[in-house]
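Participant: Provided below for reference: sequence and predicted model.
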Amino acid sequence: MSNFWWGSQDKATKVQWKNWENLSLSKRDGGLGFRDLVSFNLALLAKQAWRLLTQETPIATRILKAVYYPNTSILQTQAGSRPSFAWKSICATIPIIKEGYIWQVGDGKSIKVWEDKWIKREGSCTVHSQRKIMSESAMVADLIDTNAGWWNVQLIKEIFMAAEV
């Protein structure tokens, strides 16, 4: 695409009528509506990473998990020493997903109290209270009264700061 707009002919460069930033502006804003290809590619790769995180049954998910992150979540994995180009590209989007996701609490068995984002509030969605009562490996399920099927409010008030409750 850039060769068409800014290429050369007979060793003479073409006139650069518009720079890339203007070409990628929406038509409404005076551009030509081209997508920012880097951002578009990252969005598509992040969509694949999200599928790997949320859909465990497809064969592609099971294969990639077995090869690249058999004992962990995709959010804790790294590209590895000799990853395929596709896997390395998907791993490049994991920080983007980490920045924007938050757990929706169900039974809480998969959510780490101290590491995962699971508290809905302004700013950070992680816990900042001191870790005095519960262990480092505590799960959100430990905060739920299994008999009542609801939060153990007394325990939560003992552990967390008021802003996190």
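Facilitator: Cool, got the structure. None of the values given here were measured: they were computed from a predicted structure.

Participant: point to the residue nearest the middle of this protein.
Facilitator: In the chain, the residue lying closest to the centroid (Cα atoms, centre = their mean) is residue 97, at 0.9 Å.

Participant: contacting residues for that one?
Facilitator: Contacts for residue 97 were tallied using Cβ atoms under 8 Å, 6 or more residues apart in numbering; they are 46, 49-50, 53, 75. Placement of C-beta: from N, CA and C, glycine included.

Participant: so it is in which element?
Facilitator: Element membership of residue 97, judged by DSSP states H and E, is helix 94-100.

Participant: can you point out the buried residues in the helix ranked longest in the chain?
Facilitator: Assignment by DSSP state H gives helix 37-54 as the longest helix of the chain. In terms of neighbour count (16 or more other Cβ atoms under 10 Å), helix 37-54 has its buried residues at 45-46, 48-50, 52.

Participant: so how far is residue 91 from residue 29?
Facilitator: Using Cβ to Cβ, to the nearest Å, residue 29 is found at 33 Å from residue 91.

Participant: now do the buried residues in the helix holding residue 97.
Facilitator: Counting neighbours by 16+ other Cβ under 10 Å, one finds that the buried residues in helix 94-100 are 94, 97.

Participant: what is the rounded mean pLDDT of the helix or strand following it?
Facilitator: Proceeding N to C from helix 94-100, the next assigned helix or strand is strand 144-145, under DSSP H and E. Across strand 144-145, the average pLDDT comes to 88.

Participant: now swap in stretch 55-68 and tell me
Facilitator: For stretch 55-68, mean pLDDT is 92.

Participant: just the C-alphas of the helix holding residue 97, formatted as PDB.
Facilitator: Provided in PDB are the C-alpha atoms of helix 94-100 (Å, rounded to 0.1, in the frame of the first residue of the first chain):
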ATOM      1  CA  ILE A  94      -1.400 -11.000  26.400                       C
ATOM      2  CA  PRO A  95      -0.400  -7.700  28.100                       C
ATOM      3  CA  ILE A  96      -3.300  -6.000  26.200                       C
ATOM      4  CA  ILE A  97      -5.700  -8.600  27.500                       C
ATOM      5  CA  LYS A  98      -4.400  -8.400  31.100                       C
ATOM      6  CA  GLU A  99      -4.800  -4.600  31.000                       C
ATOM      7  CA  GLY A 100      -8.500  -4.800  30.000                       C
END
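
Participant: can you pull the domain assignment for the protein?
Facilitator: 1-34, 37-100, 102-165 (automatic domain parsing).

Participant: where does the chain dip in pLDDT?
Facilitator: Residue ranges of the chain with pLDDT under 70: 1-18, 122-126, 128-132, 163-165.
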